[in-house]
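A.B. asks: from the sequence below, what's the structure:
(2 chains)
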2 protein chains.
Amino acid sequence: MTYLNEHYLKLSGAYLFPEIARRVDAYVQDNRQMESRIIRCGIGDVTEPLTPAVISAMHSAVDEMAKAETFHGYGPPTGYPFLREAIAEGDFVKHGINVSPDEIFVSDGSKTDCGAILDILAQGNENRIAVTDPVYPVYVDSNVMAGHTGAAQGDGSYEGLGSLPCTAENQFVPKIPEEKYDVIYLCYPNNPTGGMITHQQLHAWVEYALKHEAIILYDVAYEAFVRDENLPRSIYEVEGARQCAMEFHSFSKSGGFTGVRCGYTVCPKELSGKTTSGEKHPLHPLWSRRWSTKANSVSYVVQRAAEALYSPRGRKETYALISHYLENAHLLREGCKSMGLTAYGGEHSPYVWVACPDGLKSWEMFDSMLREIQVIITPGVGFGACGEGYIRISAFNTRENVLNVVERMKKLTLASV
Amino acid sequence: MTYLNEHYLKLSGAYLFPEIARRVDAYVQDNRQMESRIIRCGIGDVTEPLTPAVISAMHSAVDEMAKAETFHGYGPPTGYPFLREAIAEGDFVKHGINVSPDEIFVSDGSKTDCGAILDILAQGNENRIAVTDPVYPVYVDSNVMAGHTGAAQGDGSYEGLGSLPCTAENQFVPKIPEEKYDVIYLCYPNNPTGGMITHQQLHAWVEYALKHEAIILYDVAYEAFVRDENLPRSIYEVEGARQCAMEFHSFSKSGGFTGVRCGYTVCPKELSGKTTSGEKHPLHPLWSRRWSTKANSVSYVVQRAAEALYSPRGRKETYALISHYLENAHLLREGCKSMGLTAYGGEHSPYVWVACPDGLKSWEMFDSMLREIQVIITPGVGFGACGEGYIRISAFNTRENVLNVVERMKKLTLASV
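C.D. replies: Numbering: from 1, shown residues only, chains lettered A, B, ... in the order given. Have a look, this model is predicted:
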């Protein structure tokens, strides 16, 4: 019988969102009359429609596909030049950052990229890998699947996977570790805490990586939410990062593309890895080969949609779209504060990270909010042990729902615990 | 320094299509006046536009994305029910084949699936893997990347990867091997030879797999080209296949979706693998987990496009589209025969597989056709050692170009070798 990848059997169940669904279902079963009142601020999925510039670009692209003279079959394996050039110019060169179009790899989204990157790194235990706690679960699960960890520890962590605690004390930016890691995942604006990193802090991480010849996998899925010019929107704003970092971008949140599916990675040509015999090789050709062998790039229509985000009209519309969610986040954050709750994030991020009062645990707070005010949030402990005692509220919603959540929260007694 | 996946360094250069491009470029450099005469019958990319049913479905889906009430964010990880149900009904149930919607996994194409499947199988050398020769290079390269092979042997093959020769003698269907393999890749209608398998032959392979508890990865990317009711369009037409086969489908060729990007796999619930300790586990939950962790499914607009292929209008249009390419293949095949060449395939396939005359080698034939008649084909040896002495002509072209190729081939002297 064929051998399967038994690392998959180490995975804890995808417990977080299914467990949320289970509890909501049980509640609705017993309280049918409440079903229509439920407001979902759990999963970070956008609610606003695509903007007119994007819609118009997609219709045009569909029309091109209808005529032989303008039809597009297979595209270049890592994306059309029109999109890679728009990205390089709009996200980097314009801001004085040195990234060229052939260092841009277009994909169907950041989640794909986060998993795919492990294809070109050593299998097994050669690399010591570190993730933050709390963390976006995909970094962890994809490492478990690739055999880079031991067994599950019962608290969401896995043997052999380094943990970088992000707490209120360190403002959700992990301190530089004593240990030497080879691969470090960082995500800012942070999911789930909504925390942000400063230039100085990011610089310290780049220094660490250069010193240890490590690679930082830098996830900026939420960079569109950074409006403060003093904060870094790309790791390549830091000198030396081209030698030690790959960057993961997504149009899911910036353009509202969760249902459109497009993102990209940056792999600078200076970035290298080594063989077990110590030979140094650039990663760029490996990453190129990975994509040309294992995918046929992204739908032409989708690439034209992404391109539209970089047009003057697209930029303006996207700015307004992000402003909507940022204002939501502001309302949620201030709402929490006005009730005396301690709330973080929500300033450069769509996520508000709220400390549960009175020593409440994440799931207790979840249950109270569901039962008392019919608002679904994500329990912080679902993102890792350091998330215990917190909840994440997503600002991806309509204004009406957000205002309702703020109003309802005032009535939250937490007496149901 | 971070360790890289050094199996990538074993890969022979992506020599085939870059080498074709290099030779064409060199020729054009010396013969500028010939550039506009070049006709490309190399890469298997469709040339006809998307059909009206698909175009109309895409426009509607784009419109839905423009309004909050009908906007779609994240979809189900393995595809929308509307598409999975249309596939199960249209491709299976309707033909009396037992496949249910939750056994359908929608993806952005077969190439992705062919690489991804190795994620859930054991890493390293536990499984003995066999591919045909000649072969679609993705099966080979993805196994090299995953560390399932030794070094490149110089003829396109790799140490440790089993080879199943497909020759004119066995009509391009490999004979059942004496050796025991755990994973076998089969592709019918075959790329590159255009050969087809009979029910009886497929039955023998299923028997082999059941006997050895092996898994057949059955690629039916070209199944839309099978018009003969006596030939199998799915391995699940054979009893027992649900216990031993996964099937890979693509809309690239059936719907002309090479630039749209959509396909699917079938993973029956009965299909199992084992751990090194001999425990048996179904693959279906592993494959589900793979997709929900490593991707966010396919663009909503693309899934609506694929669904449209199953509507009565979509079916009719697709039938006409495939008929166009089949007629092209027929013309190319008969054209070759009328010149006295031995041609295979092109009956249930868009590929005509032509034996080079007079002991000519594949690349010699390639060079002659380029220099004498400015027609680009794919040298058979690029698909494996058994492809030496053959060329593959793709029927994916306009009728005008195909008629031109047939006319020009009459003037081919092969004297330039």
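
A.B. asks: any idea which helix or strand carries A:Glu334?
C.D. replies: Using DSSP states H and E, A:Glu334 maps to helix A:312-338.

A.B. asks: what mean pLDDT does that helix have?
C.D. replies: In this model, helix A:312-338 has a mean pLDDT of 98.

A.B. asks: you'd agree A:Gly273 is up against A:Pro285?
C.D. replies: No - contact criterion CB atoms under 8 Å: A:Gly273 and A:Pro285 do not qualify, at 11.2 Å. Backbone N, C-alpha and C define where each C-beta goes, glycine included.

A.B. asks: which of these two has more residues huddled nearby?
C.D. replies: A:Gly273 (24 against 14; other CB atoms under 10 Å in any protein chain shown).

A.B. asks: can I take it that that one is in a strand?
C.D. replies: Yes - if the criterion is DSSP: H, G, I helix; E, B strand; the rest coil, then A:Gly273 is within a strand.

A.B. asks: where's the closest residue to it other than its chain neighbours relative to A:Asn125, distance?
C.D. replies: Spatial nearest neighbour of A:Gly273, excluding adjacent residues (CB to CB, 6 or more residues apart in numbering or on different chains): B:Leu4 at 3.3 Å. Distance from B:Leu4 to A:Asn125, counting by CB to CB, to the nearest Å: 15 Å.

A.B. asks: looking at the two, which one has more neighbours?
C.D. replies: A direct count of neighbours by other CB under 10 Å for B:Leu4 and A:Asn125 places B:Leu4 higher, at 25 against 13.

A.B. asks: contacting residues for that one?
C.D. replies: Under the criterion of CB atoms under 8 Å, 6 or more residues apart in numbering or on different chains, the neighbours of B:Leu4 are A:Ile120, A:Leu121, A:Ala122, A:Gly273, A:Lys274, A:Thr275, A:His281, A:Leu283, A:Leu286.

A.B. asks: any chance you could list what contacts the lowest-mean-pLDDT helix or strand in chain A?
C.D. replies: Ranked by mean pLDDT, DSSP states H and E, the helix or strand of chain A with the weakest confidence is helix A:16-30, at a mean of 92. Helix A:16-30 is contacted from outside by A:34-35, A:38, A:42-43, A:137, A:366-367, A:370-371, A:376, A:378-379, A:382-383, using CB under 8 Å, 6+ apart.

A.B. asks: out of these, flag the one nearest to B:Thr342.
C.D. replies: For the contacts of helix A:16-30, the minimum distance to B:Thr342 (CB to CB) is 56.7 Å, reached by A:Pro137.

A.B. asks: which residues does the closest one contact?
C.D. replies: Contacts of A:Pro137 by CB under 8 Å, 6+ apart are A:Leu16, A:Gly382, A:Phe383.

A.B. asks: one more: A:Pro268?
C.D. replies: Counting by CB under 8 Å, 6+ apart, A:Pro268 has contacts A:Val99, A:Glu103, A:Tyr236, A:Ala241, A:Arg242, A:Gln243, A:Ala245, A:Met246, A:His284.

A.B. asks: just give me the neighbour total for the fourth one.
C.D. replies: A total of 27 residues lie near A:Ala241 under the criterion other CB under 10 Å.

A.B. asks: so for it, what's the pLDDT?
C.D. replies: For A:Ala241, the model assigns a pLDDT of 98.

A.B. asks: can you tell me the SS state at A:Ser163?
C.D. replies: Look at A:Ser163: counting by three-state DSSP, its state is strand.
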